[in-house]
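Undergrad: Output the structure for:
(2 chains)
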Amino acid sequence: MTSPTRPPEQRLHILILDDEPIVCKRLKPAFQRMGHEVETFTDSASALDRLKETTFDVVITDLKMEGADGMLVLAKAKAASPDTHVIVITGFATMETAKESYRQGAFDFVAKPFKLCDLLECVKRIAESRRAAISPQSSSQ
Amino acid sequence: MHRILDRLLAFRQARNRALPFTVLFKKFQSILERNNQILELMADMGDKLGGEYVFDRHYIEDAVDKLGDLVFKLISDFSILNQRKNTQLFLAGEHIRQSIAEELAGSGLFAKGRYIIPFDELSQEMFIQAGTKMASIGEIKNRLALPVPDGFVITSRAFHEFMEQHGLLAQAARAMDYWQSNDQEALKKLADKMQEDIRNGPLPRHLSSRIFFEYDRLLARFPADNPPSVVLRSSAFGEDGINSFAGQYETVVNVSRTRLLDAYRRVLAGTYAYTAWHYRLTKGYHEHEIAMAVGCQVLIDGAVSGVLHTYAPQYGEGHMAISAIWGLCAPVVQGNSPCDFILLGRLPPYELHSQTVADKPRRLTPAVGGGTVWQENAPTLRNSPSLTGEQLRTLAQAAMDLERFHKQPLEIEWTFDQNGNLFILQLRPLNFREVGDLPQEQLEEATRNAETIFAGEGFIAQCGVAVGGVFRVEDDTDLESFPHGAIMVCRHTSPRYAAIMHKAKGIITDFGSPTGHMANLCREFRVPTIVNTETATALLKTGDEITLDATHRTVYRGRINALNHFALVEEEVFEDCYEYRLLRQILQHISPLNLINPQGEEFVPASCRTYHDITRFIHETAVDEIIRISEKQEGQHLSAPKRLIAKVPIDIMLIDAGGGTSCQSQDRTVTVEQIVSIPLRELLEGLANSGMWCTKPVANLGSFMASLTRTFSASLSTPHEVGRNLAVIMPKYMDINLRLGYHFTIIDAYIAEAINDNYIYFRFFGGATDFIRRSRRAQFIARILTAFDFRTEIHGDIVVGRVKKLAMSRMAERMRMIGGLICYTRQLDAQMNSDADITLHAERFVEIMTNMLRGTDDISHPPA
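TA: You can find the predicted model right below:
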């Protein structure tokens, strides 16, 4: 823990997609503050385009949006890179949509409004699990 | 025709046919339930303003829908209960719903409200009517208690009406076409025409007389032989907010009464200056979002004036920068005259880091007859520092108060008058977005290598970052000596800390609720706060330098300026996000309680201005109604309502819904001995025999109780003041509504042999007393309920406790305890000296109660 800068493997590349700009506005600096790299989108078409260009460690997507909905974004993100962790956030949470999200491979399903720290915690868990996966010995040292 | 007649007759019959009491009682319970849901939803919406939650517009719409629906159903239930149409209540509800819908739609924003608002009545929430700049001036004056030149605002509504009357809004709408077709020439021509039309347009008569009336009222506060002139300042919707319109709009200095209306029109015309218009269109503003409120402020004849930047990272970390000049402020803003330049530390005592004194040959002063004029400075002044050390400290302190409140670096225009008094003239956010971003590594390194004192403890009451020295507050005397810019660390939350809110950079407490009153205050003052850390006072002592990152619930040792920098250059302060402002604005139609006194003339449906008013009115009236119904239905469905004869002067009407008493159905009174209902019997036992109903000092509670008796004296002992209290009982069931003074207690309980059915629901909420009293009472009650195994929640001033599925004997004990608690809380309205008293007396109460419950069943005097 004495390393002066966060090692690149700990820095996550995060995509945030929500058609409500306020969600991106609030999440972006919070993740930046944790040392992650963040890109935000308010329309799913541009987000999908970006997903084609590059691989993200974490995708945080709203469910109900104009155009491609969050479920499709989830499917595309997982198809493009199975290692991508997808967190679904929605203001229209039902048991069905939650189940469906998990079935499609979502890492977590969060109902809006949510506590900022809960989502940060969720991403922290992802960072930790990735670290453990990259250096499996590190935990036993 | 027949059908209509039938329906009318059916309605008459329905009115005449009494519903069975059980049905009406169910409606009554449903009213209580909805009342609870409404209050909880309201509290929930209020909690969202602290920044801990991320919510969007959908949340606001959803919450508002639910609330509107609940209120509508509440009124409908009430209509069945009192069998009237309650048109006024439905109208009030509809009116509120409509106002909220308008807020949501953003329509008709400027076409309503007042034409003139004096500064005394201004607050940040009025940014639509008063414009962002003047709303913030109001905030500085009324919330932060910093001096601003007195004045008033001619609102957006006045602008709107003037423009509408001359058909100018329609004319302005053409701009969008020119913009889209990139016809800049046409836009320029339109801009010139608009300005000319505005300058030449007569004001509606009522508007000009309102302006003069308020102007005369303002000047009447100054000596008649030396009346001040005024400054008219632009205050557009959005100006100095997220998008700074710095320098885009007009200010007219040194205006006399005769030129007042011309100056007003000149500021209005400035709205359509080509450069300003172009800037707006570039920023994506629509014409319907444009409104120009105008501030009319007394002109301060400044001896020395200038501009302060609260944050100046270009000169190194930890600086604020001041430019100062003799005379009025304008030359500093225009940047065309040499100024003194001073760098100060950002933390108390705001050390002087550097000072460059310029040669200042002349100063701008108000001219006789209007406008301004340059004057030569005396040789002694030219090369002297324009600000004294004391003035620098005063200015720095005010600046940091302002920055802390706005949570972003600010540019502040200020002046010291000829008597050396500081005035804040205006402020706007400083934007460091382009230049200010720290390398990510630097930030990470700063936080990683810093010593974490504690992390992950407690609840966030208000997000944000604070850097400063710790100041431990133990009691009220500490509050008096609370230093500016310190971080308060204390045991408990308390609304008493409102007194130092404007000085504190951050707050950390050991105990307390993020939904309590202090949390509301923290939000109001935007002080980064975490509560209930449990360890803060053990780990932090006065003088410790720390960095509080409330957003991440972390406290670091030392000043982490990088973190502070990160917070300061954040793209947008969340409180300024549209959704936060919208929610705050909408809550104005929901939460404030205007119907306070049930005995007052205002306590009528037509006076309901918020959803809170409606629920309060219905709750209060429903209790009376259910008693009236039971009286009216005497002999038909149930026994007559009976007055309880008890040792304590509590006026309870009983409705026996079957087997709750052993007396005859026609009896109009009932004694304690005749009560069969187990929950009521136990409650009365606690009321009468806990020894806590006395109005004389209770010996074992010493000075605390002595202080209470002064406030309470005999006022609560008359039934009229106590209000009508109602209990509906059955052998194992009780539902009781008590109103003592202005606060309410509701207990719904079922106690029987079968453990699984047993429950006690206790709810306490208070009405008219101030923040401090309500919050202390809520904390006190919550602590006691928790000590007796209740699952307890505090929402604002509501305390709810639930306990279920305990054995009958243990349930009975808890009912007796509640009896004692009711006696106690009835007296808790009075002053408690400090939060320590809450703990002390909560502990004593629990001790006395535990002894009583353990001891004999018949305690007629308080235990020694």
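
Undergrad: what does chain B put close to chain A?
TA: By C-beta under 8 Å from any C-beta of the partner chain, the residues of chain B that approach chain A are B:48, B:51-59, B:62, B:440-441, B:443-445, B:448-449, B:460, B:463, B:551-553, B:566, B:570-572, B:574, B:577-579. Every residue, glycine included, has its C-beta placed from N, CA and C.

Undergrad: Of the residues you listed, keep whichever come out buried.
TA: For the residues of chain B next to chain A, a neighbour count by 16 or more other C-beta atoms under 10 Å in any protein chain shown gives the buried set as B:48, B:51-59, B:62, B:440, B:443-445, B:448, B:460, B:463, B:551-553, B:566, B:570, B:572, B:574, B:577, B:579.

Undergrad: In helices only, show me these.
TA: In this view, those that belong to helices under DSSP state H are B:57, B:58, B:59, B:62, B:440, B:443, B:444, B:445, B:448, B:566, B:579.

Undergrad: Enumerate every residue touching the nearest residue to residue B:265 once chain neighbours are set aside.
TA: Nearest residue to residue B:265, sequence neighbours excluded (C-beta to C-beta, 6 or more residues apart in numbering or on different chains): residue B:199, at 5.2 Å. Neighbouring residues of residue B:199 by C-beta atoms under 8 Å, 6 or more residues apart in numbering or on different chains: B:262, B:265, B:266, B:269.

Undergrad: quick one: low-confidence parts of chain A?
TA: A:1-9, A:135-141 (pLDDT under 70).

Undergrad: Show me where it has its strands.
TA: Along chain A, counting by DSSP state E, strands occupy A:13-17, A:37-41, A:58-62, A:85-90, A:108-111, A:114-115.

Undergrad: Just the angle for the second one relative to strand A:13-17, thanks.
TA: Orientation check (axes from the mean of the first three to the mean of the last three C-alpha atoms, to 10 degrees): strand A:37-41 against strand A:13-17 gives 20 degrees.

Undergrad: Please point out which parts of strand A:37-41 sit buried.
TA: A:38, A:39, A:40, A:41.

Undergrad: right, and the first one touches residue A:28 too?
TA: What that stands for is residue A:38. Yes: the pair residue A:38 / residue A:28 is scored as a contact, 4.9 Å apart, by C-beta atoms under 8 Å.

Undergrad: Quick check: neighbours shared by the two?
TA: residue A:16.

Undergrad: Just name the most buried of the strands of chain A.
TA: strand A:58-62 (a mean of 26; mean count of other C-beta atoms under 10 Å in any protein chain shown).

Undergrad: that older thread, tabulate the contacts of residue B:199 (TSV), appending secondary structure and neighbour count.
TA: Formatted as TSV, those follow (DSSP: H, G, I helix; E, B strand; the rest coil; neighbours: other C-beta atoms under 10 Å in any protein chain shown):
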residue	secondary structure	neighbour count
B:262	helix	12
B:265	helix	22
B:266	helix	20
B:269	helix	20
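
Undergrad: For residue B:614, state which of those is nearest.
TA: Within those, the smallest distance to residue B:614 is 43.0 Å, found for residue B:265 (C-beta to C-beta).

Undergrad: Centre of the chain to the biggest helix by length in chain A, how far?
TA: Using DSSP H, we find that the single longest helix of chain A is helix A:116-134. How far helix A:116-134 lies from its chain's middle: 10 Å, per C-alpha atoms, centre = their mean, to the nearest Å.

Undergrad: Report the residue spans of the stretch 451-600 of chain B with pLDDT below the cut-off.
TA: Judged by pLDDT under 70, the stretches of the stretch 451-600 of chain B that qualify are B:495, B:513-517, B:520, B:569-572.

Undergrad: Please identify which pair of the ones in helices among the buried ones among the residues of chain B next to chain A lies farthest apart.
TA: The most widely separated members of these, counting by C-beta to C-beta, are B:62 and B:445 (42.3 Å).

Undergrad: And for residue B:66, the neighbour number?
TA: 13 (other C-beta atoms under 10 Å in any protein chain shown).

Undergrad: can you check residue A:81 too?
TA: Neighbours of residue A:81 under the rule other C-beta under 10 Å: 15.

Undergrad: Leaving out chain neighbours, which residue sits closest to it?
TA: Once flanking residues are discounted, residue A:81 sits nearest to residue A:55: 4.6 Å by C-beta to C-beta, 6+ apart.

Undergrad: Would you report the backbone torsion angles of that neighbour?
TA: When read as degrees, to the nearest 10, the backbone of residue A:55 gives phi -100, psi 130.

Undergrad: That one reaches residue A:82, doesn't it?
TA: No: checked against C-beta under 8 Å, the pair residue A:55 and residue A:82 is beyond contact range at 10.5 Å.

Undergrad: Have a look at the two and say which one is more surrounded.
TA: A side-by-side neighbour count of residue A:55 and residue A:82, using other C-beta under 10 Å, places residue A:55 first with 12 against 8.

Undergrad: List the residues that contact residue B:184.
TA: Residue B:184 sits in contact with B:178, B:278, where contact means C-beta under 8 Å, 6+ apart.

Undergrad: what's around the residue lying closest to residue B:675 once chain neighbours are set aside, how many residues?
TA: Leaving aside its chain neighbours, residue B:675 sits nearest to residue B:681 (4.9 Å; criterion: C-beta to C-beta, 6+ apart). Neighbourhood size, residue B:681 [other C-beta under 10 Å]: 19.

Undergrad: three-state assignment of residue B:681?
TA: Of the three states, residue B:681 takes helix under DSSP: H, G, I helix; E, B strand; the rest coil.

Undergrad: what's the spacing between it and residue B:310?
TA: As defined by C-beta to C-beta, to the nearest Å, residue B:681 lies at a distance of 65 Å from residue B:310.

Undergrad: ditto for residue B:24
TA: 62 Å.

Undergrad: Looking at the two, which has the bigger crowd around it?
TA: Neighbour comparison, residue B:24 and residue B:310: the larger count goes to residue B:310, with 25 against 21 (by other C-beta under 10 Å).
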